[in-house]
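>>> no sequence for this one, just the structure:
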């Protein structure tokens, strides 16, 4: 019997094995979180239950690229996000292709993690993709507020989203939706204006421009980040990172409405302000971050800190971590790496210890990580973490620059036009353009352009001088006089003056007087006996002194960006000026003694002439 059994086994193996070898093996089903057909909340819950505490905390880290000297740390710590701060650039050329290659590299490290959770990269794209050479640079927010055209704001920020995505980045730290009450604040130009209704309207338009009507996996849907919550436009004396002193009724009336509008528009992320409200730092304010914003306004996205902002809560970093996370921060922006104080490894270890000590609950960790993951699922990053290569060719395209030119046209506010000094004739015999700013793209663009403080190298763009030369007839002579000399035989003089570039607290000023050199330049031009048109490049209204009276026409051009042709279009009457002041224009420095204007302003909110 035993020999018969052996024969049977051999026969079975001989006959059946070939058949078995061709039967399909049952593929292991992917985990539910990788199934795009499942509801996002179910995908979040499935992924969350598979994550260790260390992996969850990694998602709450946003490390600046300059501090990650070893890219393997992206995999080791499972960073949820990275960013490029104002001066953080990829090594090598500052061009779109190099940015894209760098983004693909960091993303490849994130996808080496156990659960292959993609990271999301953020950048300050506040008036175009302004860190990258060759992109389209739009007017800063104050100019866009002067357009009174939310449709144009939406179009401009959709173009910005396309150019940001074209470099592999899917998160823009924009728009700034502060309703600025004191123009001494160095970030005034990042605000659409002083009126909460105006800012609210522009905020919603901007968010739709970045994200689309809903955040999605479409290649041109870029996560917006409304900032800075809350009250940063109303600090005492306009001091950046200062203290907003007011009751809650005033806070809700002046500063909260734009955020309500942002939430209704579907904004996916909010950046918290450095500033304080009645002495309490916003990064530690549980009532406003959690009770009001996440609770009352039903915000479903995530809150991110500003640059090393939690460090300001106390002298002890571990306490800062505890306070900020418990207040409602979901992701922490950390610009420091190993070997530096308050670095990302320290944050990770401190937060692990705080959970172990029961000082930060696992429920709070899960809430923060769920919010971050939900956004990543909405953006389709798990299915496609890479950029659409076709977008790269659109960066800085003529079509994009034409929209920027239209933004410049509509942002200009004509403050004075005595005896119809404007428009100028294209056939005029001789125009002298005065002032160094007339041929300086850095001044024209302002801060947050290539470099944090601006004045960076720009390879594309048209200065005001170039635009005037391009606009006039072949028979018109255009000469340039930076110091105002040699203008006595001109038929018209255009003087360009204004502020040098600045950003954030470096732009805080105790007075807003137009510089003595600028006034002298305008006066010198006026004394030639030729009618003067003055163009002011500034991030806010300045105290004009005698400059207004010395000018036949006066244009507030704000910080118009790279497309100087938009100014020439208005100067020569191809387009009529339609811009309206997004904030009152002070008559003197005494009117800046408080956040509210005292006395009759030089020009009221909404003022603007046309032809």
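Looks like it arrived, so ask away. Just so it is clear, the structure is predicted and the values come from calculations on it, not from any experiment.
>>> pretty sure residue 368 contacts residue 327?
No: between residue 368 and residue 327 there is no contact under Cβ atoms under 8 Å: 11.3 Å. No exception for glycine: its C-beta is placed from N, CA and C like everyone else's.
>>> Name the SS class of residue 414, please.
Counting by DSSP: H, G, I helix; E, B strand; the rest coil, the backbone at residue 414 sits in strand.
>>> do residue 73 as well
Of the three states, residue 73 takes helix under three-state DSSP.
>>> burial count for it?
19 (other Cβ atoms under 10 Å).
>>> what do you get for the one 3 residues further on?
By the criterion of other Cβ under 10 Å, residue 76 has 15 neighbours.
>>> In a helix, it, correct?
Yes: counting by three-state DSSP, residue 76 is found in a helix.
>>> so how far is residue 158 from it?
Note on residue 76: its distance to residue 158, by Cβ to Cβ, to the nearest Å, is 37 Å.
>>> Spit out the contact partners of residue 173.
83, 122, 123, 124, 125, 126, 225, 227, 271 (Cβ atoms under 8 Å, 6 or more residues apart in numbering).
>>> what do you get for residue 171?
Listed by Cβ under 8 Å, 6+ apart, the contact set of residue 171 reads 81, 120, 121, 122, 123, 222, 223, 225, 269.
>>> same check, this time on residue 311
Counting by Cβ under 8 Å, 6+ apart, residue 311 makes contact with 317, 320, 342.
>>> so it, which of the three states?
Three-state call for residue 311 (three-state DSSP): helix.
>>> what about the helices in the stretch 251-400 of the chain?
Assigned by DSSP state H, counting those that start in this stretch, the helices in the stretch 251-400 of the chain fall at 257-264, 286, 317-327, 344-356, 362-378, 398-411.
>>> what angle do the fifth one and helix 344-356 make?
Read that as helix 362-378. 130 degrees (axes from the mean of the first three to the mean of the last three Cα atoms, to 10 degrees).
>>> Give me the average confidence score over helix 362-378.
Per-region confidence: helix 362-378 scores 98 on mean pLDDT.
>>> Which secondary structure elements does it sit against?
Counting contacts by 3 or more Cβ pairs under 8 Å, 6 or more residues apart in numbering; DSSP states H and E, helix 362-378 packs against helix 40-50, helix 53-59, strand 302-304, helix 317-327, helix 344-356.
>>> so which of those comes closest to residue 70?
Among those, helix 344-356 comes nearest to residue 70, with 11.2 Å by Cβ to Cβ.
>>> buried set for the closest one?
Using 16 or more other Cβ atoms under 10 Å as the burial criterion, the residues of helix 344-356 that qualify are 344, 345, 346, 347, 348, 350, 351, 354, 355.
>>> what's the closest of the residues you listed to residue 334?
Nearest to residue 334 out of the buried residues of helix 344-356 is residue 344 (Cβ to Cβ; 4.6 Å).
>>> list the contacts for the closest one?
The contact partners of residue 344, taken as Cβ under 8 Å, 6+ apart, are 61, 63, 67, 73, 77, 79, 334, 336, 337.
>>> Quickly note the distance from it to residue 284.
Plainly put, residue 344 is 20 Å away from residue 284 if you go by Cβ to Cβ.
>>> Spit out the contact partners of residue 184.
Taking Cβ under 8 Å, 6+ apart, we find residue 184 in contact with 237, 238, 239, 508, 509, 510, 511, 512, 592.
>>> Surely it is within a strand?
No: membership of residue 184 in a strand is not supported by three-state DSSP, which gives coil.
>>> Appreciated, that's everything.
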